[in-house]
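Participant: take a look and give me a structure for this.
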Amino acid sequence: MTLSTRNEDGQHWPLLRSLAGWRISSLPADLAAGLTLAAIAIPEQMATAKLGGFTPETGFFAFMAGSLGFALFGANRFLSCGADSTITPIFAAGLALLAATGTPEYGSLAAALALLVGVLLVLAGGFRLGGIANLLSVPVTVGFLAGIAVHIIVSQLPSVLGLPSPGGPTLARIAGLAGELGKTNIHTLIIGFGVLATVMVCERISARIPGALIALVASTLYVASAGLEAKGVHVIGEISGTIPMPSMPLIGAEQWAKLVPLAFLIAVVVMVQTSATTRSFPSAPDHPADVDRDFHGAGAGSLLAGLFGAFPVNASPPRTGIVVETGGRSQVAGLLAAIIVLLLVLFGARLLAHVPEAALGGVLLFVAQRIIRVAQIARVYRASKGEFLLIMATAAAIVVLPIEQGVALGITLSLLHGIWSTTRAHLITFERVPDTTIWWPAHPHIRGEQLSDTAVIGFQAPLSFLNAATFRADLQHLLQRRSPRLLVLEASAMVEIDYTAAQALHEVIEQCNKDGIVFAVARLESLRAQEAFERFGLYDVLPRDRVFRSVDLALRKLRGTTG
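Facilitator: Have a look, this model is predicted:
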């Protein structure tokens, strides 16, 4: 039996794209992957819900909604979508400014936020805005995750130490905890760090071992057998064991408006992580990832989560990796895991009532240490001190500022970094590789040949308003220094030309024409750049027969006309 998701015209149906070509023979592999995924997800979703100030079952609802929504509308066969510790501290901090954590209003705002995030993701997929996922550069992303890890650690230490949670900014909370260390409850300390150690050991042995679930079961039995609730060990308490009916959150128009900026930040982070996940674990290595379609899946997951009173969901790289490592073949694995979680909510709620909060804190401490990419930070430090400072600046902004402002600043820093990199582009000189027809950027350690009456130059960046003045100044300086009769612009790296840059190029070509310098263009390969030549009237000053497919062809055609 094969499941097809194509209609009679061979086009994909809007639903179940991720199950295209699924066969019943894949069921055993998906079942094994689904069982492992559920074992990993159950403690993780409970802990993530706790991180955001929600009940454990809310995390389960988020996981079920994310799994179902992505299976219906996403494209990636392996991606796991649900509650995620990357975005939870961000939206929890933002929601806490609008309502007290844990109140019905707080829950309604979280559901409304999930709906807004879902709409933004669906729109991003519909308008094919996958490029937005590139808003965060690697250094900014690494710094962002390090800052989020600090927030997770600071928020969970009170649970692990058995201390009341201090309020205020992150640094003030750290100081407050330091002053209360003498009041640590030894039992919660043993449970929290015991869970952390267990998960770390299991992870080191094999990622397939559900270390978090094993640790939660063991810690729960320890609490029950030793009567630790009477000794100050807090447990998560009663779980309702019912599934809510879908409904719209009851909040006012003004509150919806206040959620829009936060929804945009969360949507950008979800797009970045979804894009990274689906490209890291492609459905078919020989086909490009359908990132825009996966935005639809993640968006559908958040929409369902909002309708069922949960919070925004996100793609999870670790859980997706588990599906791949355990042999999963499709989203059937995620759906089976969601069914297991559903059965747990309906029939096993009483088993969860005595799970110690310190155990969930230990799980989150493990998550926090895992998302700090120490090795990558070290590589960036060795390769680029400037980008290492960008990591540190982003992490500091996330820690010191209110977290949603820190995220916004991180995105701004990433954009400024990209702008700065573009503005640093300068004109380069090409030389001919000896005994060949190849022209290559000049290098002090590579021997090349130049022609006395000819200059071959290039600009290895998109030509835009950010660097148009630099391009023109560099070119004028070269013309004054060398006075060539023939000037060839090797344009293979100029993938884009905007209006401002086109005007600068227009002026340069006009000046060359007045000075008797033959101007030609070689390897204008980018379709967007070719369209810019048409759109901005560059062919008014540059004859079309002076655009060539190679530098060598330009020289053979034009050198005889420059004498």
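Participant: buried residues in stretch 51-61?
Facilitator: Judged by neighbour count (16 or more other CB atoms under 10 Å), stretch 51-61 contains these buried residues: 51-61. All C-beta spots, glycine's among them, are computed from the backbone N, C-alpha and C.
Participant: just the residues you listed: which are in helices?
Facilitator: 51, 56-61 (DSSP state H).
Participant: including distance to residue 404 and pLDDT, could the residues you listed go into a markdown table?
Facilitator: Shown next, in a markdown table, are those (distance: CB to CB, whole Å; pLDDT from 0 to 100):
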| residue | distance to residue 404 | pLDDT |
| --- | --- | --- |
| 51 | 16 | 93 |
| 56 | 25 | 92 |
| 57 | 26 | 94 |
| 58 | 21 | 96 |
| 59 | 21 | 96 |
| 60 | 26 | 96 |
| 61 | 24 | 97 |
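Participant: residue 276: which of these is nearest?
Facilitator: Of all those, residue 51 has the smallest distance to residue 276: 21.1 Å, by CB to CB.
Participant: need the contact list for that closest one.
Facilitator: Residue 51 is in contact with 85, 88-89, 92, 152, 155-156, 364, counting by CB atoms under 8 Å, 6 or more residues apart in numbering.
Participant: ok, residue 542 next?
Facilitator: 509, 519, 521, 533.
Participant: go on, residue 387?
Facilitator: 139, 380, 417.
Participant: go ahead and confirm the first one touches residue 418.
Facilitator: Going back to what we said before, that points to residue 139. No - with contact defined as CB atoms under 8 Å, residue 139 does not count as touching residue 418 (11.2 Å).
Participant: neighbour count for the two, which is higher?
Facilitator: Neighbour totals were compared for residue 139 and residue 418, and residue 139 leads with 24 against 15 (other CB atoms under 10 Å).
Participant: which pLDDT value belongs to that one?
Facilitator: pLDDT, the model's per-residue confidence, is 89 for residue 139.
Participant: relative to residue 229, how far out is residue 548?
Facilitator: 81 Å (CB to CB, to the nearest Å).
Participant: out of those two, which sits in the busier spot?
Facilitator: Using other CB under 10 Å as the criterion, residue 548 and residue 229 rank with residue 548 on top: 19 against 14.
Participant: still on that earlier bit, report the two of the contacts of residue 542 separated the most.
Facilitator: The most widely separated members of the contacts of residue 542, counting by CB to CB, are 519 and 533 (12.8 Å).
Participant: count the neighbours of residue 399 for me.
Facilitator: Neighbours of residue 399 (other CB under 10 Å): 20.
Participant: what mean pLDDT does the helix or strand hosting it get?
Facilitator: Per DSSP states H and E, residue 399 falls inside helix 385-400. Averaging pLDDT along helix 385-400 yields 92.
Participant: can you tell me what sits against the helix or strand following that helix?
Facilitator: The first helix or strand that comes after helix 385-400 along the chain, using DSSP H and E, is helix 403-423. Contact with helix 403-423 is made by 89-91, 93-94, 135-137, 139-140, 143-144, 147-148, 151, 261-262, 265, 268-269, 387, 390, 393-394, 397-401, 461-462, 464, 466-467, 470, as judged by CB under 8 Å, 6+ apart.
Participant: need the ones in helices among the buried residues of stretch 51-61 in JSON lines (columns: distance to residue 184).
Facilitator: Output for those, formatted as JSON lines (distance: CB to CB, whole Å):
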{"residue": "51", "distance to residue 184": "21"}
{"residue": "56", "distance to residue 184": "24"}
{"residue": "57", "distance to residue 184": "30"}
{"residue": "58", "distance to residue 184": "29"}
{"residue": "59", "distance to residue 184": "27"}
{"residue": "60", "distance to residue 184": "31"}
{"residue": "61", "distance to residue 184": "34"}
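Participant: how about the helices in the stretch 51-200 of the chain?
Facilitator: Counting by DSSP state H, counting those that start in this stretch, residue ranges of the helices within the stretch 51-200 of the chain are 56-73, 88-96, 104-126, 138-161, 170-179, 186-205.
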